[in-house]
Each structure stands twice: as structure tokens, then as C-alpha cells.
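> What follows is a predicted structure for the sequence shown.
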Amino acid sequence: MPLAVVVLACYLTGLLVNNLSGSVLSVFGRPVSSIVDSVFPHIGQSQRLNTGSVNEAWTDVQNEYVLRGLSGTVGTQGAESGIIDAIKGKYGDRFTSFLTSDEYASLQNGLAGRRSGSIGIALEARCAGVTPCPSGATPTVVAIEDVLRDQPAERAGIRNGDILVAVGSQSLAGLGGDATARLNAAVPKIRGASGTPVTLTVQRGAGSLTFTVRRADLNLPSVFSTRLGATLYVQVTGFDQDTGSLAHKKLSDGLSAGATSVVLDLRANPGGLVSEARSLASQFLHTTTAHQNAVVVRRGRLTSTAAPQSAEKVEVDTIQSGGVALTPRLAVLVDGDTASAAEIVTAALHDYQRGPVVGQKTFGKGSVQEDFPLPDGSDLHLTVERWYGPNGESIDVSGITPDRVVALTSRDNRFRLDAEGPDAAVDSQLQAALVAVRP
């Protein structure tokens, strides 16, 4: 399941040829037109591509275009991406994408919790004082943020808020005319082969510091926990291949050790695998006869009106038995970056009235994507379903409004366990959630 990103192709909607020999492009023996037919609404009078017209268009390009000897890769990727662009344009689909082979590999690594050749930081263009820029302001510095716990950068001594000055011998000032351009140029210089060193020079306060950090292939967990008094705080950063089992263990261990309530932090969680969302939600929910016992209802093969009742395919992901946090008091933390699978969990816990939702309105991604790898290593990342909460609601675009709306004065005040962050006491949303779970 989730996430998503040629040259010549978009000039023709869906330049759908395969290896430019006149045969129809196929995926594991199935024509691309067949794959699209199987997941999208009926488009126009015919559900089949006019391959004769498409092949003739490519022949014209080969014979008449100003540049000769065009690579077959240009036409193939153009065919693959062009049809996706047409679908996105006609139906306003924000999440269907064509992924190159590199982008698809990155997606797969992300779902497995892997970062290749990384040191465990993020860069952000910021304003004076290393503060997030207000709307309309122009960033002036490249700041190091999201320094991940127990990863190479943190072990070397790099800290949140350090201002990046140079990568190796290359000063950032020479990498672009503004902070955003310099950031984009610096990222590929920091990434590299696992085991190789990279030297970063940073400004911290009035001083300058230099760190040599060895890149590594990072395997990052998606669940973290700690005790905050009698409350077990559980942060879930994404829904990767083992999120459900990790959450089960964290909850079981924490509650067995004496915690009497839980704060589930889904802020800045972009989502991931629906199966793992189901597993996490089931840790808190009794099986029931209400709402079809559903965590989420997925509907696919809708007509072009997108009416839920028009679905040819309906899948109900039910509550799994064996949850370990069925009775402790619960609050769920969300924000504008809580999306997709994280919203599935939030909607389920809200609809079953398991505990209050605290924070700010969620992102609003109410669809499910599936990957269809292509022979050249690229991928069609297609929306195949829309999902609905146990009460039947769609949160697409609208998001989920918390029961208790609480804002942060700055996103730098968000408490977190996966990376360096502030003390829990300065996080107003977390403090509101802790109040909500008191006896």
C-alpha cells in the first residue's frame, strides 16, 4: 500500500506503448489498459485504449521529431506517466502517482522503516533565530532539524537547531542564491553510500563546530513509548510492516508495569499500511456487533460520481481480537500532518467513543493506494479504494476535527521520542491530553 512522485510524454495523453516495437505495453502479462480498467471508474464510451492511434503517435515522434534516436525509455516512461497525469487531471486525484524506479525503491524502503546512506537528520529552510518562517517570509538559513535518536548524527554530536554552514569543503553560500536552493543542493551531498564519511560544519550560537559522521543504512522503528506519571505515552511515527506488533508489545509492557492510562500520539504521522492501522486500532477496541465490527470500510470500483453506494467492491476490516489496552483511559493526539492510515485509527477510536481526540484538524486523506510495479522498475501508485469510518463518514479533504481543539504555539514545542525535542511540559497539546485521561 501507501505513498508517493518524462520528458516528452505529457504532450500526448497516455502515450501508451511498450518497448516501442508496436506491441501493447504490459505489466506481468497484463496490458496497462487492463490494470487501469480494473481500478478506475469507467472513462468515456470505451474502456480500452486506442492502441493503434497511440502506436501511430509514437511512430510519428520517431520519424518526425526534431531530435532523432530517442531512447525507448523516454516513450515508455511517458506512456506510464502520461496516463496517470490524465487520470489526476480529470478526477482531481491527489495521490495517484507514477513513480520512477528510484522513487518506488524509496517508497518500499520507507514502508520497511529503512533509510539508505543516511545520517539521521532533516534539513529545513528557516528564518532568523532558527525559527519557522511565518507565512510570506523568506528563509535565510538552512537549519538541522529532526535529529533522530541514537542515529549517526546524534551520536556524533549534531543537535536540533544547528545551522548548516558547509558540507565537506563546500560552503553552503556557494550552493545557491537563497536558503531553499542551498538546502536542495546540500541534501544529495549529505546522503551517500553506507559506511562512507561526510563532514558537516555548523554554527551553534556564536561558535562554529565541525563533525565527521559515517553514513549508514538506518532501520528505524515506528513505535516509541515512555511513562509520564501514571500515563503511558505512545508515539507512532508511521504504519510500517511491523507497527502493529511493536505497538502491541509497547502497550503490553507499559500497562503491565503499572500505567493506568494511554496517550496515543499520531501527530506528524503520514500513514502507511492499512493492515497495520487495523492492528493498532484493535489494541484499544472490543469486538462488537455495532458498525459491522469495523475498523474501516473500504469501497472500490465506484462510478464516476464516486457515490459510496455505487461501489462494486466493499471490504470491511474488522476489529481483531486480542487487544491489550481495551479498558485504560485513552486520548489520541493529532495535527494537520496526521494522515491516511493514522486517520483510519483516529476515526475508529473516535467513532467507538474510546477516548477524546485532542489537537488540531487532521490532513484529510480518505483513500487507499496500491502499487502496480512495471517491468522497467517503475510503478503505478494507484488509488484503488476510498475508505469510510465505522460511522460511515468520509474524511477525505475535510479531515477529522478533534473533540478538544488545542494549538501549539510553535511546532518546535512538540514533544517526541523518535528525535530530539523539547520537554513534555512545553507541549500544550500533550498537556491537554494528559488532563483528559486523568481519573
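Great, that's in hand. As the structure is a computational prediction, the values presented were derived from the model and not from experiment. Numbers count the residues shown, from 1 in each chain.

> Give the partner strands of whichever strand or helix holds residue 295 in its sheet and their orientations.
Per DSSP states H and E, residue 295 falls inside strand 294-300. Under the criterion DSSP bridges, strand 294-300 sits next to strand 313-318 (antiparallel), strand 379-388 (antiparallel) in its sheet.

> What are the neighbouring residues in contact with the residue nearest to residue 139 when sequence neighbours are not counted?
The shortest distance from residue 139 to any non-neighbouring residue, by CB to CB, 6 or more residues apart in numbering, is to residue 125 (3.5 Å). For the C-beta atoms, the positions are set from N, CA and C on the backbone; glycine is no exception. Taking CB atoms under 8 Å, 6 or more residues apart in numbering, we find residue 125 in contact with 133, 139, 141, 142, 143, 179, 180, 183.

> ditto for residue 247
Residue 247 neighbours (CB under 8 Å, 6+ apart): 223, 234, 236, 279, 280, 283.

> Repeat that for residue 140.
126, 127, 128, 179.

> tell me the most buried of the strands paired with strand 294-300?
strand 379-388 (a mean of 22; mean count of other CB atoms under 10 Å).

> so how far is the helix or strand that comes right after that one off the chain centroid?
Sequence order places strand 404-405 as the next helix or strand after strand 379-388, per DSSP H and E. Offset of strand 404-405 from its chain centre (CA atoms, centre = their mean, to the nearest Å): 24 Å.

> quick one on the thing from earlier: and the contacts of residue 140, which is the shakiest by pLDDT?
Across the set of the contacts of residue 140, residue 128 stands lowest in pLDDT, at 85.

> quick revisit: restricted to buried residues, select the contacts of residue 125 in PyMOL.
Listed next is the PyMOL selection for buried residues among the contacts of residue 125, using 16 or more other CB atoms under 10 Å:
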select buried, resi 139+141+142+143+179+183
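
> And for residue 185, nearest residue in space, chain neighbours not counted?
residue 175 (3.9 Å).

> burial of that neighbour, as a residue count?
17 (other CB atoms under 10 Å).

> Surely residue 226 forms part of a helix?
No - checked against DSSP: H, G, I helix; E, B strand; the rest coil, residue 226 lies outside a helix; its state is strand.

> Could I get the contacting residues of it?
232, 233, 417.

> repeat that for 10 Å
Residues near residue 226 by CB atoms under 10 Å, 6 or more residues apart in numbering: 232, 233, 234, 235, 250, 254, 415, 417, 424.

> Which member of these is positioned nearest residue 367?
Nearest to residue 367 out of these is residue 235 (CB to CB; 25.1 Å).

> what number of residues lie near that closest one?
Each residue near residue 235 was counted by other CB under 10 Å, and the total is 22.

> Is it in contact with residue 228, as I believe?
No - with contact defined as CB atoms under 10 Å, residue 235 does not reach residue 228; the gap is 11.4 Å.

> Touching both of the two, which residues are there?
Shared contacts of residue 235 and residue 228, counting by CB under 10 Å, 6+ apart, come down to 263, 415.

> Got phi/psi on residue 95?
With angles defined as degrees, to the nearest 10, residue 95 sits at phi -120, psi -10.

> Just the CA trace of the strand holding residue 295, in PDB.
Listed in PDB are the C-alpha atoms of strand 294-300, where the atom choice follows Å, rounded to 0.1, in the frame of the first residue of the first chain:
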ATOM      1  CA  ALA A 294     -15.500  -2.400  11.500                       C
ATOM      2  CA  VAL A 295     -12.200  -0.600  12.000                       C
ATOM      3  CA  VAL A 296     -12.600   0.800   8.500                       C
ATOM      4  CA  VAL A 297     -14.800   0.100   5.400                       C
ATOM      5  CA  ARG A 298     -13.000   0.300   2.000                       C
ATOM      6  CA  ARG A 299     -15.100   0.800  -1.200                       C
ATOM      7  CA  GLY A 300     -13.600   0.400  -4.600                       C
END
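
> about what we covered before: host element of the residue nearest to residue 139?
Using DSSP H and E, residue 125 maps to strand 122-126.

> Show me how far that strand is from its chain's centre.
On CA atoms, centre = their mean, the centre of strand 122-126 falls 18 Å from the chain's centre.

> Stretch 296-307 too?
22 Å.

> For it, buried residues please.
Buried, per 16+ other CB under 10 Å, within stretch 296-307: 296, 297, 298, 299, 300, 301, 302.

> Surely the last one and residue 386 touch.
Yes - Residue 302 is in contact with residue 386 according to CB under 10 Å; the separation is 7.1 Å.

> any common contacting residues for the two?
308, 311.

> what pairs with the strand holding residue 125, and is each one parallel or antiparallel?
In the sheet, strand 122-126 lines up with strand 141-145 (antiparallel) (DSSP bridges).

> Show me how far the next helix or strand after the partner strand is from its chain's centre.
Using DSSP H and E, the next helix or strand after strand 141-145 towards the C-terminus is helix 152-156. Distance, stretch centre to chain centre, for helix 152-156: 25 Å (CA atoms, centre = their mean).

> what sits up against helix 152-156?
By CB under 10 Å, 6+ apart, helix 152-156 touches 118-121, 144, 146-149, 158-160, 162, 190, 197-198, 200, 211-216, 218, 419-420.

> Which ones among those residues map onto strands?
118, 144, 197, 198, 200, 211, 212, 213, 214, 216, 218 (DSSP state E).

> Can you report phi and psi for residue 83?
phi -70, psi -30.

> Please tell me how far it sits from residue 90.
11 Å (CB to CB, to the nearest Å).

> These two: who's more crowded?
residue 83 (25 against 14).

> Hmm, residue 380 and that one touching each other?
Yes - with contacts counted by CB under 10 Å, residue 83 reaches residue 380, the gap being 8.4 Å.

> Using the record's assignment, carve the protein into domains.
What automatic domain parsing lists as the domains of the chain is 9-93, 116-218, 223-369+384-436.

> Stretch 64-81: end-to-end distance?
End-to-end distance for stretch 64-81, by CA to CA, to the nearest Å: 22 Å.

> what mean pLDDT does it have?
Here the average pLDDT along stretch 64-81 is 85.

> List the buried residues for it?
70, 74, 75, 76, 77, 78, 79, 80, 81.

> what's downstream of the strand or helix carrying the second one, the next helix or strand?
What that stands for is residue 74. In the assignment (DSSP H and E), residue 74 maps to helix 72-91. Where DSSP H and E defines the elements, the next helix or strand beyond helix 72-91 is strand 97-99.
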